[in-house]
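[1] Requesting a structural model of the entry that follows:
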Amino acid sequence: YNRLWLVLFNFFGLWGAKRASKIIVPTHYAAERVATCYQLPFHKIEVVYEAPKITLDQLELLKEVDPSLLLINGKYILHVGTFDKRKNIPFLIKAFKELVHQGYDDIQLVLVGSSNKKMNSDATNEIQAIADDPVLKDKIILTGYLDRGNLLSMYQNAFVYVFPSVNEGFGLPILEAFKFQLPLLIANNSCMPEVAGDAAIAFDPYHVEDLVDQLKRIMEDESLRKDLIQKGNARLQEFNWKKSCDQLLEIFKQAFLS
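    Residues are numbered from 1 along each chain as shown. Model prediction:
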């Protein structure tokens, strides 16, 4: 991160956290990191899970999809997120290239997102350089930023969602993949196993062959895909904004009375 930003965040953020009656975080992983890194008492930290951004009203936006995106034919692996270094997208592209090299050339990789415009953490140049490999010509699609309707279309038509990040505080794409009944592969770190539960297959985000092996399993085993989708549907029920709001209201009451 930018050095000045870190100074400001640590000064104001830590000052505020020490004075606060309660500190709200989105996962138990985040709670542990906040308590450990800032030496803040666990009893002040409350975990309130987030929920999918997608609502039934937003699904109506699928009626207004960019026709050019409908030209993506056949199966594709989906990833959604800014081109941030921690998102580990070059790793995903390398695994995809190895998958193609091993004969799985009937699938594409769709990367939805763009540069985060931050000098210290942007990976756009590296992503573009790897994606320009002649072996991957016409197999990797960089959509850039998409509005909500077109983004939902990408989720709706994907074959599998892959989340290779090396650090997340919550990982909303996990829930959005569940919402669209996509088989899900996640990195085995930070909060992702906590959020996904048993509804995803985990892989080592530093070991290309591990992700390739898991992708091959997903592509070859229809019963595995169906099992993951079923588990994803069940897991999704644990996350809703009504439940989150009720928890927040109770925390606010406790803070007011303390």
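
[2] When you work out contacts or count neighbours from here on, use the C-alpha atoms and nothing else.
    Will do.

[3] Name the residues that touch the lengthiest helix in the chain?
    When the chain is parsed with DSSP state H, its longest helix is helix 241-257. By C-alpha atoms under 8 Å, 6 or more residues apart in numbering, the residues outside helix 241-257 that reach it are 21-22, 46, 48-51.

[4] The same query, at a cut-off of 6 Å, please.
    The contact list for helix 241-257 (C-alpha atoms under 6 Å, 6 or more residues apart in numbering) reads 21, 48, 51.

[5] Name the residues of the strand or helix carrying residue 226 that are buried.
    If you go by DSSP states H and E, residue 226 is part of helix 222-236. For helix 222-236, burial by neighbour count (16 or more other C-alpha atoms under 10 Å) applies to 225, 228-233, 235-236.

[6] now swap in stretch 185-195 and tell me
    Neighbour-count burial for stretch 185-195 flags 185-193, 195 (criterion: 16+ other C-alpha under 10 Å).

[7] Using PDB, list the CA coordinates for it.
    In PDB, the C-alpha atoms belonging to stretch 185-195 read as follows (Å, rounded to 0.1, in the frame of the first residue of the first chain):
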ATOM      1  CA  LEU A 185     -12.900 -23.300  -6.400                       C
ATOM      2  CA  ILE A 186     -11.200 -21.200  -3.600                       C
ATOM      3  CA  ALA A 187      -7.700 -20.600  -2.400                       C
ATOM      4  CA  ASN A 188      -7.100 -22.300   1.000                       C
ATOM      5  CA  ASN A 189      -6.300 -19.200   2.900                       C
ATOM      6  CA  SER A 190      -7.600 -16.300   5.000                       C
ATOM      7  CA  CYS A 191     -11.400 -16.100   5.300                       C
ATOM      8  CA  MET A 192     -12.400 -18.100   2.200                       C
ATOM      9  CA  PRO A 193     -12.700 -21.600   3.800                       C
ATOM     10  CA  GLU A 194     -14.700 -20.000   6.600                       C
ATOM     11  CA  VAL A 195     -17.200 -18.300   4.200                       C
END
